[in-house]
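> model the following, please.
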Amino acid sequence: MVASVGLSEQQSGFIVSADMAGYTIGTMTAFFLIDKISWRGFTRYSLFLMLLANLLCSQAEGFTYLLGLRFLSGLSGGAITAVMLSVIAQMRNPDAVYGLWFVVMSLITIAGMVMFPYLLETAGLGGAFSALATIALICLPFLNAIPHGATKAEPGSKAPSASFPAVILVVASIFFLTTGIGGSWAFLGQIGTSAGLTVEQVSFAIAYSAAGGVAGGLLAGWVAMKSERLFPVSLSCTGLVATMLLLMMDSPSYLLYAFCCFAFYGLWSFVLPFLLGTLAELERSGRALSLGSTAQGAGLMAGPFLASSILYFHGYNTMLAFASGLIVLCFCLVLLAQNMPRIYRIGNE
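The predicted structure follows:
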């Protein structure tokens, strides 16, 4: 946006924030509507809004227009994400499907890293937004696979109801985890260059860390078939903290830095399916998952803001230590939520 339409870096940052703000509001809106609407119809209208917003973005050049259109695109994206999470919650093993969902997102990330530089060079910013509109268009034939709403419980069965304190604890754990990871991820490139690595080395390490997302999602899908949730969550949180400690080392080698980037993305993609699966187990209608998705969006907004504030006063190591503390807090909340059903029983007894 800076190079193509002459916006300042601050204006471009506002536009990206507007997209993320729309996403967060979209998921929060879905929280209030998810048990009152047709999921298929809601997704159809949201997808058309996303398609239209991206088509208009391909022609827009002014700051105000792009700001409003990216907000609308984010709004529709958040709403669609909330519905997709709710659909997956209805499946037999949601943890495994969430893992596959992260695999697909990582593959799309890799494709985007390869495709978008070429698009920007040959077709400009409009070509990039047109590609996003095309992706939305490709989704239209799959709308009929979306159910109209949550699966109704069989007559005479006891449908589990949410333990509200446990839901809040898990949603809070997702927020703190995403805040810690999102803030650190936003400055991962600067951490590498400040350690003496070249821009090319840093770019290569971050670009191909998406392969870690594929590996983490696949591993989550496999582990979900074999293990309870607490063990993989504890393993992931421990690994993320260890990765941040490695990044605090003075002048890490390129191989160590690349490994940390790979592990960072991989553990991120590995742990979130289990947290989302916990919400799906606590509350099947999808409302809790809408809150979880909102927590992700809020964490991705809060993380870079907090990280930049800490960086300004204290530097990278303090920022990474703060992020590590948030991940430890996430794990403590998950531990507490695991014991919550013993106090606040799920379902009627």
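
> so which residues of the stretch 1-150 of the chain form helices?
Ranges of helices within the stretch 1-150 of the chain are 2-5, 9-33, 39-57, 63-89, 94-139, based on DSSP state H, counting those that start in this stretch.

> looking at those helices, which is buried most?
helix 63-89 (a mean of 23; mean count of other CB atoms under 10 Å). Every residue, glycine included, has its C-beta placed from N, CA and C.

> and that one, what does it pack onto?
Counting contacts by 3 or more CB pairs under 8 Å, 6 or more residues apart in numbering; DSSP states H and E, helix 63-89 packs against helix 9-33, helix 39-57, helix 94-139, helix 254-282, helix 287-314.

> which among these is found nearest to residue 181?
Nearest to residue 181, of all those, is helix 254-282, at 5.4 Å by CB to CB.

> list the buried residues of that closest one.
254, 257-282 (16 or more other CB atoms under 10 Å).

> which of the helices of the stretch 1-150 of the chain has the lowest average pLDDT?
Of all the helices of the stretch 1-150 of the chain, the segment with the smallest mean pLDDT is helix 2-5, scoring a mean of 73.

> residue 192 reaches residue 201, doesn't it?
Yes - using CB atoms under 8 Å, residue 192 is in contact with residue 201, at 7.0 Å.

> more neighbours: which of those two?
Regarding residue 192 and residue 201, a neighbour count based on other CB atoms under 10 Å identifies residue 192 as having more, with 24 against 15.

> which SS state does the more buried one fall under?
With DSSP: H, G, I helix; E, B strand; the rest coil as the basis, residue 192 sits in helix.

> and the one 4 residues further on, by the same measure?
The three-state assignment at residue 196 reads coil, by three-state DSSP.

> that one - how many residues pack around it?
Residue 196: 13 surrounding residues under other CB under 10 Å.

> to residue 314, which of the helices of the stretch 1-150 of the chain lies closest?
With CB to CB as the measure, helix 9-33 is the member of those nearest residue 314 (21.9 Å).

> that closest one - contacts with which helices or strands?
Counting contacts by 3+ CB pairs under 8 Å, 6+ apart, helix 9-33 is packed against helix 39-57, helix 63-89, helix 287-314.

> need the helices and strands packed on helix 63-89 in CSV (columns: distance to residue 150).
Formatted as CSV, those follow (distance: least, CB to CB, whole Å):
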stretch, distance to residue 150
helix 9-33, 13
helix 39-57, 8
helix 94-139, 13
helix 254-282, 11
helix 287-314, 10
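
> wait, which of the ones you listed is closest to residue 185?
Of all the helices and strands packed on helix 63-89, helix 254-282 comes closest under CB to CB, at 6.8 Å.

> would you mind getting the angle between the closest one and helix 94-139?
In terms of direction (axes from the mean of the first three to the mean of the last three CA atoms, to 10 degrees), helix 254-282 departs from helix 94-139 by 100 degrees.

> low-confidence ranges in the stretch 151-300 of the chain?
For the stretch 151-300 of the chain, the stretches with pLDDT under 70 are 151-162, 225-227, 284-286.

> repeat that with 80
Applying pLDDT under 80 to the stretch 151-300 of the chain flags residues 151-164, 221, 224-229, 250-252, 280-290, 293.

> switch the helices and strands packed on helix 9-33 over to JSON lines; also include distance to residue 106.
Formatted as JSON lines, the helices and strands packed on helix 9-33 follow (distance: least, CB to CB, whole Å):
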{"stretch": "helix 39-57", "distance to residue 106": "21"}
{"stretch": "helix 63-89", "distance to residue 106": "16"}
{"stretch": "helix 287-314", "distance to residue 106": "16"}
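
> returning to that earlier point: of all the helices and strands packed on helix 63-89, which one comes closest to residue 183?
helix 287-314 (3.2 Å).

> related to what we said a few turns ago, out of the helices and strands packed on helix 63-89, the one nearest residue 333 is which?
Using CB to CB, those put helix 254-282 closest to residue 333, at 9.9 Å.

> now the angle between helix 287-314 and the closest one, please.
150 degrees.

> quick one, helix 254-282 and helix 63-89 angle?
Using the same axes, to 10 degrees: helix 254-282 against helix 63-89 is 60 degrees.
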